[in-house]
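Participant: model the following, please.
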Amino acid sequence: MVKRVVFDAVNAVLANLCREFRELNSGHVATYIPPLARADPADFGMALTSADGHRYQAGEADKPFTIQSVSKPFVLALALTELGADEVFRRVGVEPSGERFNAISLDPETGRPANPMINAGAIATTALVPAASAEQRFTRILETLGRFAGRSLDVDDEVYRAEAATGDRNIALAHLMRAAGSLAGDPSGVLDVYFRQCAIRVTALDLSVMAATLANGGVNPVTGARVVPEPVTVQVLAVMATCGMYDGSGDWLLRVGLPAKSGVSGGLVAVRPGRSGVGCYSPLLDAAGNPVRAVAALAELSREFGLHLMHNPPSGAPTIIRPGLSDGPDEAAWRQAGGGTAPGDLPAWVAAQGELDFTAAEQLVYALAERLPEVGRGRAVIDLVRVTAVDAAAEGLVRVVLDRLTAMGHRIGFVGDAAVPFSVEGTLLASRSAAVEWARLPS
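Facilitator: You can find the predicted model right below:
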């Protein structure tokens with residue numbers, strides 16, 4: 001129940017964004033793949049997964065849809081893991097094309113596609129995945145995307161068949177690259193894998209976990225399994241930042257400032273490196289093929305919560321020092337102050353450091369909720385001695401959670417200059433020693 005307070009507070013942030021932008025009805029659903037034309041234009045779901053594996057969601061975040069082009073960065077990650085950057089980028093460029101996702105954007109000398117995020121580059125990247133057969137290549141891709149998502153994924157066979165039946169332009173791209181020598185393998189086999197790859201079913205919640213795995217240096221924060229090496233995530237995020245939103249990539253990077261990738265079914269992933277991943281589902285698309293509501297909501301999320309990478313690069317130090325008594329005074333100081341010696345007698349003590357933004361505040365309140373008892377009233381200290389700044393979004397989230405926890409009967413004390421915005425009478429403690437004295441009092 002205590003952790004539920006944190007989940008409800010963050011879910012409410014996402015729910016407010018869904019409510020605010022759900023009525024944005026510009027754009028259109030994709031029609032060139034017939035099953036996609038049946039998508040409900042009213043759907044809008046958002047999910048956020050932190051680098052600690054905490055998952056939040058609102059709207060139609062559990063509704064399945066096909067991944068389409070959002071698969072591209074994750075297949076790129078697989079190819080880079082297997083072959084290395086030199087070999088992959090010998091076949092596929094890394095420059096923004098400035099053209100639509102299905103443009104014939106090939107180097108006139110080498111036939112090399114401009115980047116792995118447009119269709120030509122994605123087909124070439126899929127062909128690079130080492131395998132003895134097309135079936136084995138797709139199995140490897142499906143398993144890798146499942147490891148990114150933290151669960152087994154499957155294919156929408158109807159969408160796959162429609163992709164194959166209507167994919168004339170992709171077929172032409174593959175044969176052009178084959179003729180130019182930039183496509184490895186038989187075009188028909190590669191295309192079959194690519195069409196099935198795009199028809200893999202996911203949800204917005206899945207996409208948030210996949211994005212969070214990139215944010216977490218290649219380790220899935222929900223399962224704890226390493227999916228790809230950390231240097232690979234750096235390379236993938238760089239390509240996503242410059243090329244992931246097609247010919248809208250420059251405007252996206254200017255306004256939102258996060259590595260991202262969209263797809264024509266309405267999916268979108270965005271990554272705050274070291275912090276979190278966001279997944280969205282919204283079938284209405286703009287002229288560039290990006291989901292209208294998701295783009296608007298993430299622009300607002302980035303602005304309100306200071307997520308733009310150029311505005312506030314994440315520090316190398318962790319936000320939360322390990323929750324527990326050792327974060328503040330040591331156990332000897334606790335006993336000297338008269339506290340008990342049994343593990344249950346130790347106070348809940350959560351310490352943070354550096355600048356607190358929204359995602360850092362989520363870590364802080366979640367760590368606090370983990371330490372408070374589920375039954376009865378608890379007493380806890382939030383140690384902000386090493387915190388240098390607290391932004392408005394962080395302050396808002398912490399206040400909401402603390403109001404709910406105190407309403408449940410929990411007592412929260414604060415230490416440090418940064419604690420002033422959160423304190424009420426009797427809770428701002430002059431020093432860590434004073435906090436020890438306060439924490440040992442009966443609840």
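Participant: what are the buried residues along stretch 183-193?
Facilitator: Buried positions in stretch 183-193, judged by neighbour count with 16 or more other Cβ atoms under 10 Å: 183, 185, 187, 189-193. All C-beta atoms are positioned from the backbone trio N, CA, C, and that covers glycine.
Participant: and that stretch, what's its mean pLDDT?
Facilitator: Mean pLDDT, stretch 183-193: 90.
Participant: repeat for stretch 221-230
Facilitator: In this model, stretch 221-230 has a mean pLDDT of 98.
Participant: list the buried residues in that stretch.
Facilitator: Neighbour counts over stretch 221-230 (16+ other Cβ under 10 Å) mark 221-223, 227-228 as buried.
Participant: circling back to that earlier point, tell me which two of the buried residues of stretch 183-193 sit farthest apart.
Facilitator: Maximum pairwise distance among the buried residues of stretch 183-193 (Cβ to Cβ): 13.8 Å, between Leu183 and Asp192.
Participant: quick check, nearest of the buried residues of stretch 221-230 to Asn115?
Facilitator: Nearest to Asn115 among the buried residues of stretch 221-230: Val228, at 18.8 Å, using Cβ to Cβ.
Participant: show me the contacts for the closest one.
Facilitator: Each residue near Val228 by Cβ atoms under 8 Å, 6 or more residues apart in numbering is listed here: 77-78, 80-81, 218.
Participant: then it would be within a helix, right?
Facilitator: No - counting by DSSP: H, G, I helix; E, B strand; the rest coil, Val228 is not part of a helix but coil.
Participant: do you know how far it is from Pro73?
Facilitator: Using Cβ to Cβ, to the nearest Å, Val228 is found at 11 Å from Pro73.
Participant: pretty sure Thr31 is touching Ala37, no?
Facilitator: Yes - contact criterion Cβ atoms under 8 Å: Thr31 and Ala37 qualify, at 4.4 Å.
Participant: Glu60 contacts Tyr281, doesn't it?
Facilitator: Yes - judged on Cβ under 8 Å, Glu60 makes contact with Tyr281 at a distance of 6.0 Å.
Participant: shared neighbours of those two, which are they?
Facilitator: Applying Cβ under 8 Å, 6+ apart, one finds that Glu60 and Tyr281 are jointly contacted by 43-45, 204.
Participant: so which of the residues you listed wins on neighbours?
Facilitator: Ala204 (32 neighbours; other Cβ atoms under 10 Å).
Participant: mind naming the longest helix for this protein?
Facilitator: helix 2-21 (DSSP state H).
Participant: what's next to that one, contact-wise?
Facilitator: Residues contacting helix 2-21 (Cβ under 8 Å, 6+ apart): 44-48, 54, 56-59, 293, 296-297, 300-301, 358, 362, 365-366, 369-370, 372-374, 397, 400-401, 404-405, 408, 410.
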